[in-house]
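Colleague: Turn this into a structure:
(one chain, ligands or ions: 1)
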Amino acid sequence: MGAHRISRRGFLTAAGGAAVGAVAGAGAVALADEGGEPAAPSAAAVAFHGEHQAGIVTPAQDRLMFAAFDLVDGVSQREVRELLAAWTTAAERMTRGAPVGPDLPAVAPPADTGEALGLPPSRLTVTFGFGPGFFAQPGLRTRRPARLRELPPLPGDELDPQRSGGDLCVQACADDPQVTFHAVRNLARIGRGVVVLRWSQLGFGRTSSTTRAQDTPRNLMGFKDGTNNITAEEPEALTRFVWAGPDEPAWMRGGTYLVARRIRILVEVWDRASLDDQEATIGRRRDSGAPLTGSRERDAVDLEAQGADGPLIPAGAHVRVAAPETHRGLRILRRGYSFTDGFDAELGQLDAGLFFVSFQRDPESFVRLQTRLGREDALNEYIKHVGSAVFAVPGGVAPGRPLADGVLG
Ligand code: HEM
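Modeller: Model (predicted):
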């Protein structure tokens, strides 16, 4: 991706006009201050337009705000169409660090809420999706992509309906939490009267890598997470497992399906488990991230290797139950975040965990994996799936066109 440097003052001046669009469209825009010093990578802008929506194989940023919305009863297709057009314009502008709209006369509320003014784009990506309920609206029933259905009940589910579902979703990722908040807040504001917020989730530390160039981060269990993820450097795997197939409606070409699961980690219970137990539960070493059958993080997970007491990677180890070999080669792209929402007053425990997000060409892939994990995964002693949602993620947006062009006919 090419990076262009422009001065902060130049950027803010240009941000009001169309000039920056051309620059940002060409790739990443890295800001430099007036002295011409190169800006930190987090100052860069990620291109909004492209074959795929940004925020899927984009190198995972550090922060997330995810929001699910419901359509207001009785809204017309015209209102939904206008909303999608307005969201597209606003997301494109915010992605390059510009305010959502031009200044209005001071007697009106400002077009932009202001908290991101002067902040760099911070690699913001805004990824949109449609839940099954979107297509339950009159006139839209025949437009539902066949693979988009509510997920079936899965083993071990303890779902809270108030943290599940949604007719539309917005996934805002950036390196600055104020930038992700600003994006969701302004989209919610633009949507007033057409959509209402159903639930939202803040995430504070990525739990996967989506490119080999990134170090593998650690999740709240202290383990490296994302080692065996699909990465941007694997175009064939992306085509096979992530991008929607040729039989999908035109607006889904280059799209995918997003599954979100709010997974609470019972950290107090985990913290009492011995290191041996923790490593047997995951199937990898905590320090190095190496599989129990190797010594380095990238060593292959050898499910056949035997020790004195049986398989070196135990029967219920998470990496065994989730492994492609266990599911006839199946892989998914994981892009989750750690979260904490304070304290569960009833139990006196931290309400913390993994906001799991995966992208796959068919939500059924997730269902297959989780059906098995829900039954056999040794991790189940330490986690609870408390929220769940599925969305069809339209393909990328072309310049001058709205998101999901043609979804409403
Ligand atoms: C709190 C919940 C979870 C935690 C803490 C967790 C943690 C981990 C860790 C530490 C690894 C090993 C490193 C890696 O290859 O990324 C891993 C691998 C993996 N996880 Fe999870 N995970 C969780 C939930 C899930 C769920 C819900 C799914 C899918 C339904 C899943 C699918 C996978 C897959 C496919 C792998 C790669 C297996 C391989 O190819 O070696 N995980 N996870």
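
Colleague: hmm, what's the outermost residue in this protein?
Modeller: Most distant from the centre of the chain: Ala308, at 41.4 Å, with distances by C-alpha atoms, centre = their mean.

Colleague: by contact count, what packs against the longest helix along the chain?
Modeller: Taking DSSP state H as the criterion, the chain has its longest helix at helix 77-95. Secondary-structure packing of helix 77-95 (3 or more C-beta pairs under 8 Å, 6 or more residues apart in numbering; DSSP states H and E): strand 125-130, helix 177-190. Glycine gets a C-beta too; all of them are placed from N, C-alpha and C.

Colleague: I'd say Arg361 and Trp243 touch.
Modeller: Yes. Checked against C-beta atoms under 8 Å, the pair Arg361 and Trp243 is within contact range at 6.1 Å.

Colleague: list the residues that contact both of the two?
Modeller: Shared contacts of Arg361 and Trp243 (C-beta atoms under 8 Å, 6 or more residues apart in numbering): Thr256.

Colleague: how about the helices in the stretch 301-409 of the chain?
Modeller: Along the stretch 301-409 of the chain, the segments classed as helices by DSSP state H, counting those that start in this stretch run 318-322, 363-376.

Colleague: actually the stretch 151-300 of the chain, sorry about that
Modeller: So, for the stretch 151-300 of the chain - with DSSP H, counting those that start in this stretch - the helices run 177-190, 235-241, 267-271, 275-282.

Colleague: on that earlier part again, to the ligand, which of the helices and strands packed on helix 77-95 lies closest?
Modeller: strand 125-130 (17.9 Å; C-beta to the nearest ligand atom).

Colleague: Please state the mean pLDDT value computed over that closest one.
Modeller: For strand 125-130, the per-residue pLDDT values average out at 98.

Colleague: Return the residues of the stretch 201-350 of the chain in contact with the ligand.
Modeller: Among all residues of the stretch 201-350 of the chain, those adjacent to the ligand (criterion: C-beta under 6 Å from any ligand atom) are 219, 221, 223-229, 261, 263, 265, 282, 284, 301, 318-319, 322-324, 332.

Colleague: Of those, select the buried ones using a PyMOL command.
Modeller: Remark: buried members of those, expressed as a PyMOL selection using 16 or more other C-beta atoms under 10 Å:
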select buried, resi 219+221+223+224+225+226+227+228+229+261+263+265+282+284+301+318+319+322+323+332
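
Colleague: all strands of the stretch 201-350 of the chain, in order?
Modeller: 205-206, 256-265, 306-307, 310-311, 333-334, 337-344, 349-360 (DSSP state E, counting those that start in this stretch).

Colleague: Show me what the second one pairs with in its sheet, parallel or antiparallel.
Modeller: Strands flanking strand 256-265 in the sheet, each with its direction: strand 349-360 (antiparallel), strand 383-393 (antiparallel) (DSSP bridges).

Colleague: could you dump those strands to JSON lines with mean pLDDT and mean neighbour count?
Modeller: As requested, these are exported to JSON lines (pLDDT from 0 to 100; neighbours: other C-beta atoms under 10 Å):
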{"stretch": "strand 349-360", "mean pLDDT": "97", "mean neighbour count": "22"}
{"stretch": "strand 383-393", "mean pLDDT": "98", "mean neighbour count": "23"}
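
Colleague: Make JSON lines out of those strands and add distance to Gln370.
Modeller: Listed next are the strands paired with strand 256-265 as JSON lines, based on distance: least, C-beta to C-beta, whole Å:
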{"stretch": "strand 349-360", "distance to Gln370": "10"}
{"stretch": "strand 383-393", "distance to Gln370": "8"}
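
Colleague: Asp73 is nearest to which of those strands?
Modeller: Nearest to Asp73 among those is strand 383-393 (19.8 Å), distances taken as C-beta to C-beta.

Colleague: any idea how far the residue nearest to Leu379 when sequence neighbours are not counted lies from Lys384?
Modeller: Of all residues not flanking Leu379 in the chain, His318 sits nearest, at 4.9 Å (C-beta to C-beta, 6 or more residues apart in numbering). Relative to Lys384, His318 is positioned 15 Å away (C-beta to C-beta, to the nearest Å).

Colleague: Repeat that for His49.
Modeller: If you go by C-beta to C-beta, the gap between His49 and Lys384 works out to 39 Å.

Colleague: ditto for Phe391
Modeller: In this view, Phe391 and Lys384 are 22 Å apart by C-beta to C-beta.

Colleague: To what extent is Leu275 buried, counted in neighbours?
Modeller: The number of residues packed near Leu275 is 11, by other C-beta atoms under 10 Å.

Colleague: for Gly254, same thing?
Modeller: Around Gly254 there are 18 other residues, counting by other C-beta under 10 Å.

Colleague: Tell me which residues touch it, please.
Modeller: For Gly254, the set of contacting residues under the criterion of C-beta under 8 Å, 6+ apart consists of 51-53, 243-244, 395-396.
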